[in-house]
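Student: Here you go, sequence then predicted model.
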Amino acid sequence: MTTKRKGYSKQFKIDAVKLVPEEGYKISEAARNLEIHPNVLQKWKQSVQLRGGNETAETSRLEDTLRGLVIGILPSCTDRVASV
């Protein structure tokens, strides 16, 4: 029997990562409160740091919109869009 993974939005991940420096939580405390494994929160934190740490919900929304527009205009170029 397979177990379905939980999906989390980009904004949820960003907000979860912000709990650590802004609210002074340890990763283990924040993860426990959010009911996720501490390793998951650590990965999200590393991912945000690699991207510069300044991603917002608006940035995510605009990227998704742009990706959708490019795919709609240039459906044969979807391989290149994945890196946008």
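Tutor: That came through fine. Numbers count the residues shown, from 1 in each chain.
Student: What's the local residue count around Lys10?
Tutor: Lys10 has 17 neighbouring residues, counting by other C-beta atoms under 10 Å. Any C-beta I mention is one placed from the backbone N, CA and C, and that applies to glycine too.
Student: my bad, should have said Val70
Tutor: If you count neighbours by other C-beta under 10 Å, Val70 ends up with 15.
Student: Also Ile14?
Tutor: 20.
Student: In terms of helices and strands, where is it?
Tutor: Using DSSP states H and E, Ile14 sits within helix 10-23.
Student: Tell me the predicted confidence for the residue nearest the centre of the chain.
Tutor: Nearest residue to the geometric centre of the chain (C-alpha atoms, centre = their mean): Lys10, 3.4 Å. Looking at Lys10, its pLDDT reads 85.
Student: cool, Asn54 as well?
Tutor: Asn54 carries a pLDDT value of 61.
Student: What sits closest to Leu19 if chain neighbours are left out?
Tutor: Ala30 (4.4 Å; C-beta to C-beta, 6 or more residues apart in numbering).
Student: So what's the residue count around the one you found?
Tutor: Using other C-beta under 10 Å: Ala30 sits among 20 other residues.
Student: Run through the residues that contact it.
Tutor: Shown in contact with Ala30 (C-beta atoms under 8 Å, 6 or more residues apart in numbering): Ala16, Leu19, Val20, Glu23, Leu41.
Student: SS state for it?
Tutor: Using DSSP: H, G, I helix; E, B strand; the rest coil, the secondary structure recorded for Ala30 is helix.
Student: Let me see the domain layout of the chain.
Tutor: Per automatic domain parsing, the structural domains of the chain span 8-53, 58-84.
Student: So Tyr25, which state does it fall into?
Tutor: coil.
Student: what's the closest residue to it other than its chain neighbours in contact with, if anything?
Tutor: Closest residue to Tyr25 apart from its sequence neighbours, by C-beta to C-beta, 6+ apart: Leu19 at 4.9 Å. The contact partners of Leu19, by C-beta under 8 Å, 6+ apart, come to Tyr25, Ala30, Asn33, Leu34.
Student: Much appreciated, bye for now.
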